[in-house]
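Chemist: model the following, please.
(2 chains)
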Amino acid sequence: MSIRERLSGNEAAATAMRQINPDVVAAFPITPSTEIPQYFSTFVSNGTVDTEFVAVESEHSAMSACIGAEAAGARAMTATSANGLSLMWEMIYIASSMRLPIVMSLVNRAVSGPLNIHNDHSDAMGVRDAGWIMLFSENNQEAYDNLIMAHRIAENKDVLLPLMVCQDGFITSHSIENIELIEDEKVKEFVGKYKPEHYLLNDKEKIAMGPLDVQTYLFEHKYQQANAMRNAKKVIAEVSEEFEKMTGRKYSFFEEYKMEDAEIVIVCMNSTAGTTKYVVDSLREKGVKAGLLKVRMFRPFPAEEIAKALSKAKAVAVLDKSDSVNGVGGALYTDVTSAMYVNGVNVPMVNYIYGIGGRDTTSYDIEGVYNDLMEIVKSGKVDNPYRYFGVRREK
Amino acid sequence: MAYNVKEIVAEKPSRFKAGHRMCAGCGAPPVARMVLRALKPEDNAVICTATGCMEVSTFIYPYSSWSDSFIHTAFECAGATLSGVEAAYKSLKNQGKLPDGKETKFIAFGGDGGTYDIGIQSLSGAMERGHDMVYVCYDNGAYMNTGIQRSSATPHFADTTTSPAGTKIPGKMQKRKDLTEVMASHHLPYVAQSIATANFKDLYEKSEKAIYTKGACFLNVLAPCPRGWGYPTEDLMQINKLAVETCYWPLYEVENGKYKVNYKPAKKLPIEEFLKPQRRFKHLFKPGNEWMIEEFQKEVDERWEMLLKLEEATNREE
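Modeler: Numbering: from 1, shown residues only, chains lettered A, B, ... in the order given. As a prediction, this is how the structure comes out:
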């Protein structure tokens, strides 16, 4: 029997970490993820976990220590947000290139500057090419479930890549919602024991990690990394299926909400999907064929599947909670449009940058997007595909 | 048992292997070799280096000079990386996930760039947290790997590529940071300053103490660089000797707060003896620049006197 609880997103993440019982956690506090190492430290202090908690002096050191620990043969986890992830940036690439299945709980927050502690996705988008598997979560339940699945995916021999589970700062990290927890024993069994093949503390095999890798080798090593990311797709599908068998909760690369006959579709990630579902329901009551595609697996990017899922739509809006500041649109938009082009799907597309620095995203905003999509369907043209909502500006 | 270099070398083969690509006359390889010789042969070790000469010359894929397990991640985080390895060891050991009866020791190496400067934060953090590890700085007094740029370990007036001795500014105008003292202020169980002198006794004994003292320990070892300092490669040991005999680089240790100066020259040599053979100080010997040598001497004297006072003060019988 699962356990019904009421937890915030941070509590859910910390609970997952307690049940996973990693060997090492190294973390440095930063709003809004601070609570995760706080709760976790309590588990350590009270002996509920076997973990060695390394209270590092910076996020750069948090990731460095995670790399050291994972390389040594331990399961290592961390949590961070925004500037914390930015400070880790150098080590983020090193973690994935060393093929270390470190798991991170990323509580999304705007990257400075100016300083802002509230939610957007600029932190995650800053590391989207870093070779980490990236899973996004609509609510506390998904943040928890994705973490429970994380090690199984990351540690798979065909993958061996680090993985981050994202959730929206404050919006889900600090709101208390109902959640179904899995029993400790079941999690333990599902996650399984960590059995690395090569590790520093192996008495029988000395290894050296982190070489100077010159022109004659780096390309091949990077190619192997890219292959591992391609392999991750299959593994994510398999682990999600196994997870569904245990919990009844189904996870795909993305969630399709009322998509069967949808004509106007919003593509987004994390908590905005919740608001969008509410708007889809109310539009459906009025007979509008609205749908939602919520991306869970952002890296690897399910290009082919997304293109297929959107192929029957008449107009699509991609919502980006981070501006790429490239003059053409956000990162998710660029990925989705490129997926569609390559797969021969031609549907009018529009991009909205929204919610920057924690700007509220209301059901009215989402309704406005669907209204715009209806206009596009009617007129058959997209005037300006790179749009904003919720921002004050001169008309 | 009295120290005997021949016996040590015969009984303990080098764990840092030949074939690396460090320069001839570089002070760092003898440091790595001797520090690792202080390990008990039956003990395992995990070595970590900061990015720098020692890393890029000893682990060029797919070749490694390190016979122990080894990890390098980046420039500024050898302290943090190794602290993660050590935390993993503690955790796995406590959970019974590692075989019993085998000890593993943790040793980091970083140059002065990776230690005094870009890596000081992660070093300070790792030391303060008290991981059971040794951090060894091989101090060659500049960023040698990138081509002799000044560091905070670069001595006063030295000519480097970012503090060139020019017509207006005669070399590095700032004094050298005293990292050994910074580390002593972390109240670690063992902090020492050493150098690879003729029979390696000082370095060996300090390494042994640092490795086998529980907790975070720090060794600062002067490691001359023939390219950056400008001395003939065969003169390495002579330069080392002069660094000690002039008291430019005093050999001392701080054990649980008590200072011990390990070598007090009967007759302290004037600093010119150390400066003269080095190209980086050539401009100090030009007519009109006598004041620079005087100032250098004054600085050396002050630091030496302070060290003697610290020794006296921390060993005073109440």
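Chemist: for burial, what's the neighbour tally of the residue in the stretch 251-395 of chain A that chain B sits nearest to?
Modeler: The minimum distance from the stretch 251-395 of chain A to chain B, using C-beta to the nearest C-beta, falls at residue A:299 (21.9 Å). Yep, even glycine has a C-beta here, placed from its N, CA and C like the rest. Residue A:299 has 22 neighbours, counted by other C-beta atoms under 10 Å in any protein chain shown.
Chemist: where along the stretch 51-200 of chain A do the strands fall?
Modeler: Counting by DSSP state E, counting those that start in this stretch, residue ranges of the strands within the stretch 51-200 of chain A are A:52-54, A:76-80, A:103-108, A:133-136, A:163-168, A:177-181.
Chemist: who's the residue lying closest to residue A:328 once chain neighbours are set aside bridged to?
Modeler: Excluding the flanking residues, the one nearest residue A:328 by C-beta to C-beta, 6 or more residues apart in numbering or on different chains is residue A:386, at 5.9 Å. With DSSP bridges as the criterion, residue A:386 is bridged to residue A:351.
Chemist: what about residue A:386, how many residues nearby?
Modeler: Residue A:386, neighbours per other C-beta under 10 Å, totals 18.
Chemist: what sits against it?
Modeler: Going by C-beta atoms under 8 Å, 6 or more residues apart in numbering or on different chains, residue A:386 touches A:327, A:328, A:329, A:351, A:353.
Chemist: from chain B, which residue is nearest to chain A?
Modeler: For chain B, C-beta to the nearest C-beta, closest residue to chain A: residue B:84, 2.7 Å.
Chemist: the residue nearest to residue A:328 and residue B:71: what is the separation?
Modeler: Noted for residue A:386: a distance of 45 Å to residue B:71, by C-beta to C-beta, to the nearest Å.
Chemist: what of residue B:32?
Modeler: From residue B:32 to residue B:71 the distance is 15 Å (C-beta to C-beta).
Chemist: residue B:289 too?
Modeler: For residue B:289, the distance to residue B:71 - C-beta to C-beta - is 45 Å.
Chemist: what's the answer for residue B:157, then?
Modeler: Distance from residue B:157 to residue B:71, by C-beta to C-beta: 37 Å.
Chemist: name the element residue B:287 belongs to?
Modeler: Using DSSP states H and E, residue B:287 sits in no helix or strand.
Chemist: what's the answer for the one 4 residues further on, then?
Modeler: Assigned by DSSP H and E, residue B:291 falls within helix B:290-314.
Chemist: ok, residue A:292 next?
Modeler: Assigned by DSSP H and E, residue A:292 falls in strand A:290-295.
Chemist: list the strands paired with that strand, with their directions.
Modeler: Neighbouring strands of strand A:290-295 in its sheet, by DSSP bridges, are strand A:254-257 (antiparallel), strand A:264-268 (parallel).
Chemist: and the contacts of the last one?
Modeler: The reference is to strand A:264-268. Contacts of strand A:264-268 (C-beta under 8 Å, 6+ apart): A:259, A:276, A:288-295, A:306, A:310, A:313-319, A:321, A:332, A:336, A:366, A:369-370, A:373-374, A:377.
Chemist: list buried residues within those.
Modeler: Among these, the ones that count as buried by 16 or more other C-beta atoms under 10 Å in any protein chain shown are A:259, A:276, A:288-295, A:306, A:310, A:313-319, A:321, A:332, A:336, A:366, A:369-370, A:373-374.
Chemist: would you format the strands paired with strand A:290-295 as a markdown table with mean neighbour count included?
Modeler: As requested, the strands paired with strand A:290-295 are exported to a markdown table (neighbours: other C-beta atoms under 10 Å in any protein chain shown):
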| stretch | mean neighbour count |
| --- | --- |
| strand A:254-257 | 18 |
| strand A:264-268 | 27 |
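Chemist: dump the ones you listed into JSON lines; add distance to residue A:196 as well.
Modeler: Shown next, in JSON lines, are the strands paired with strand A:290-295 (distance: least, C-beta to C-beta, whole Å):
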{"stretch": "strand A:254-257", "distance to residue A:196": "31"}
{"stretch": "strand A:264-268", "distance to residue A:196": "36"}
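Chemist: export those to JSON lines and tack on mean pLDDT?
Modeler: Listed next are the strands paired with strand A:290-295 as JSON lines, based on pLDDT from 0 to 100:
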{"stretch": "strand A:254-257", "mean pLDDT": "98"}
{"stretch": "strand A:264-268", "mean pLDDT": "98"}
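Chemist: next, residue A:214: secondary structure please.
Modeler: coil (DSSP: H, G, I helix; E, B strand; the rest coil).
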